[in-house]
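**Student:** predicted model and sequence follow; I will ask about them next.
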Amino acid sequence: MTIGASPGVRWTAPEGQWTEPDLHLFPQDGHRYEIVDGSLHVTPPLDGPHEAAVRALVKLLREAAPSGWWVCARLGVALGDSNLVPDVTVLRPRSSGAIWADPADVALVVEVETATSRRYDRLLKPALYADARIPAYWRIEPGPSPVLHTYTLGPDGYMPGKTLQGADPIKVDAPFPVLVAPAVWL
């Protein structure tokens, strides 16, 4: 694989597990590069409806966030041997400010599904976020009529909360009170 602007620069896989510094080898080409338990996972570039949902959700959460809270698009979270990049991350006040967020600072992670990320966003990522004790997880299906699924952390992983769709605002309490209307996101 050729990386960067120089066509002669090439990389090889590490001898052992992939680690966070290895992620800096990759170009900013729209792909999402993540590490799961030392293995590299690559997601193709995201489409317009996905990006529209992310932008709308970031705007909504920023407007509702109490003072001191941070709402970030694509802020990585370091989870032991894994480095994941949620579509949206909400950080508590007085977070560390590290390049890779500490799970203890994270109040909510959100994943917006695509055809190539559906199983990853429904099965693997929530399990890793739950293991890291992140209190809330949201998953968005961005189809013609977006659907938001909310989950809260229980003793054995995430428990389903509300499933929301339509243009009528509905109150969600985690990580802070916010009125949500998924139909207006696209």
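**Tutor:** Happy to help now that I have it.
**Student:** what's the longest helix along the chain packed up against?
**Tutor:** Longest helix in the chain, counting residues (DSSP state H): helix 48-64. The contact analysis (3 or more C-beta pairs under 8 Å, 6 or more residues apart in numbering; DSSP states H and E) places helix 48-64 against strand 70-73, strand 88-91, strand 106-112, strand 178-180. All C-beta spots, glycine's among them, are computed from the backbone N, C-alpha and C.
**Student:** can you put those strands in JSON lines and add mean pLDDT and mean neighbour count?
**Tutor:** Formatted as JSON lines, the helices and strands packed on helix 48-64 follow (pLDDT from 0 to 100; neighbours: other C-beta atoms under 10 Å):
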{"stretch": "strand 70-73", "mean pLDDT": "96", "mean neighbour count": "18"}
{"stretch": "strand 88-91", "mean pLDDT": "97", "mean neighbour count": "25"}
{"stretch": "strand 106-112", "mean pLDDT": "97", "mean neighbour count": "24"}
{"stretch": "strand 178-180", "mean pLDDT": "96", "mean neighbour count": "17"}
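**Student:** nearest to Gly166, out of the ones you listed?
**Tutor:** Gly166 lies closest to strand 178-180 among these, at 10.0 Å (C-beta to C-beta).
**Student:** what helices or strands is the closest one leaning on?
**Tutor:** helix 48-64, strand 170-172.
**Student:** just put the helices and strands packed on helix 48-64 in a markdown table and tack on distance to Thr163.
**Tutor:** Shown next, in a markdown table, are the helices and strands packed on helix 48-64 (distance: least, C-beta to C-beta, whole Å):
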| stretch | distance to Thr163 |
| --- | --- |
| strand 70-73 | 22 |
| strand 88-91 | 18 |
| strand 106-112 | 15 |
| strand 178-180 | 11 |
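**Student:** and of the ones you listed, who's closest to Pro44?
**Tutor:** Nearest to Pro44, of the helices and strands packed on helix 48-64 and by C-beta to C-beta, is strand 106-112 at 14.0 Å.
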